[in-house]
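Colleague: dropping a prediction and its sequence here:
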Amino acid sequence: MSPRAEDVRRPEGGEHLVGVIADTHGLLRPQAVAALAGCELIVHAGDVGSPAILGELRRVAPVVAVRGNVDVEGWARGLPETAVAEVGAVRLYVLHDLARLDLDPGAAGLAAVISGHSHISAVVERGGVLYVNPGSAGPRRFALPASVALLRIRGGAVSADLVALET
């Protein structure tokens, strides 16, 4: 079972808290906004669906967002396909579809790779790099739960908790 957002979003001294969301497809649930409250940065891993989503997220914290495969309208052309966010001492690489990863994250000095697209939440460590897919926070598909992730960054270490959204 995923922890409650209230239990994982309280950063300790010297710790950075980053919210991760993906696949909103034009729907920003109030539960997602509540789960991301208190984050110093929000990363959206694509399939935003509407520029209003990014505007609402920016009311919570600064946002780094990438374009997903459904983000084809004019407003989305300004979103990059990939992004690097520097938080504390670490670099986070963001793209929508992990299958399109075209670099070696460890060799590039990246602490984590954040992706979306599959709607399946996952946190996996491989080769010293944390791979995080927050799952889908938008309309439910494939009977999968809606979720976001919270990253804790302390020094050069990154950890992640998945947070299920009650829908």
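Modeller: Great, that's in hand.
Colleague: contacts and neighbour counts: CA atoms only from here.
Modeller: Fine.
Colleague: quick check, pLDDT for the residue most central in space within the chain.
Modeller: Centroid-nearest residue in the chain, with C-alpha atoms, centre = their mean: residue 20, separated by 2.3 Å. On the pLDDT scale, residue 20 is placed at 98.
Colleague: what's it in contact with, if anything?
Modeller: By C-alpha atoms under 8 Å, 6 or more residues apart in numbering, the residues touching residue 20 are 42-45, 114, 134, 148-151.
Colleague: I'd like the next helix or strand past the helix or strand containing it.
Modeller: Taking DSSP states H and E as the criterion, residue 20 maps to strand 15-21. Using DSSP H and E, the helix or strand that follows strand 15-21 in sequence is helix 30-36.
Colleague: hey, where'd the helices end up in the protein?
Modeller: Counting by DSSP state H, the segments of the chain that form helices are 5-8, 30-36, 51-58.
Colleague: which of the ones you listed sits most buried?
Modeller: Comparing the helices of the chain by mean neighbour count (mean count of other C-alpha atoms under 10 Å), helix 30-36 ranks first with a mean of 19.
Colleague: report all helices and strands that it contacts.
Modeller: Secondary-structure packing of helix 30-36 (3 or more C-alpha pairs under 8 Å, 6 or more residues apart in numbering; DSSP states H and E): helix 5-8, strand 147-154.
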